[in-house]
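Asks: Dropping the sequence and predicted coords here.
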Amino acid sequence: MKRAVKEVLKFEVIFKRITLCLVNPLLNEIYQTYVSSKGVSFNKDMIGTFMSVKGALIREASWCSALSIIYCFCP
C-alpha cells in the first residue's frame, strides 16, 4: 500500500510540474500571439476566428489545458 501511494504521489508531482512548467507558458504564448495578430479588436470576430484551422488548434489546446487543470487541482 505504501509503495502504491508513493508511486501515485510521484506521478502527481511530475504531472503538475509538466503542466505548470510547459503547458502554461505554451498556452500563454499561443494566446499572446493570437491577441497580437488581431490587435485591439480581437473580440470582434471571435466566432469566425475560432472556426478557422488555426483557431481550432487554439480552441483544442485551451480545452485540453482546462481538462488537465481540472484533473490536477480537483480531486
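Replies: Okay, I see it. Numbers count the residues shown, from 1 in each chain.
Asks: So what does residue 48 look like in phi/psi?
Replies: phi -60, psi -40 (degrees, to the nearest 10).
Asks: burial measure for it, as a count.
Replies: Residue 48: 9 surrounding residues under other CB atoms under 10 Å. To be clear about C-beta, it is placed using only N, CA and C from the backbone, and glycine gets the same treatment.
Asks: Tell me how far it lies from residue 56.
Replies: Distance from residue 48 to residue 56, counting by CB to CB, to the nearest Å: 12 Å.
Asks: Kindly give the local confidence score, pLDDT, for the spatially most central residue of the chain.
Replies: Taking CA atoms, centre = their mean, the centroid of the chain lies closest to residue 65, which sits 2.7 Å from it. Note for residue 65: predicted pLDDT of 79.
Asks: cool, and residue 25?
Replies: pLDDT, residue 25: 83.
Asks: Now name the helix or strand holding it.
Replies: helix 24-38 (DSSP states H and E).
Asks: Alpha carbons of that helix, in CSV - could you do that?
Replies: What follows is helix 24-38, C-alpha atoms only, in CSV (Å, rounded to 0.1, in the frame of the first residue of the first chain):
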residue,chain,number,x,y,z
ASN,A,24,1.1,27.1,-19.0
PRO,A,25,3.9,29.0,-20.8
LEU,A,26,2.9,27.4,-24.1
LEU,A,27,-0.7,28.4,-23.9
ASN,A,28,0.3,31.9,-22.7
GLU,A,29,2.5,32.2,-25.8
ILE,A,30,-0.4,31.0,-28.1
TYR,A,31,-2.8,33.5,-26.5
GLN,A,32,-0.3,36.4,-26.8
THR,A,33,0.4,35.5,-30.4
TYR,A,34,-3.3,35.4,-31.2
VAL,A,35,-4.1,38.7,-29.4
SER,A,36,-1.2,40.5,-31.1
SER,A,37,-2.2,39.2,-34.5
LYS,A,38,-5.7,40.5,-34.1
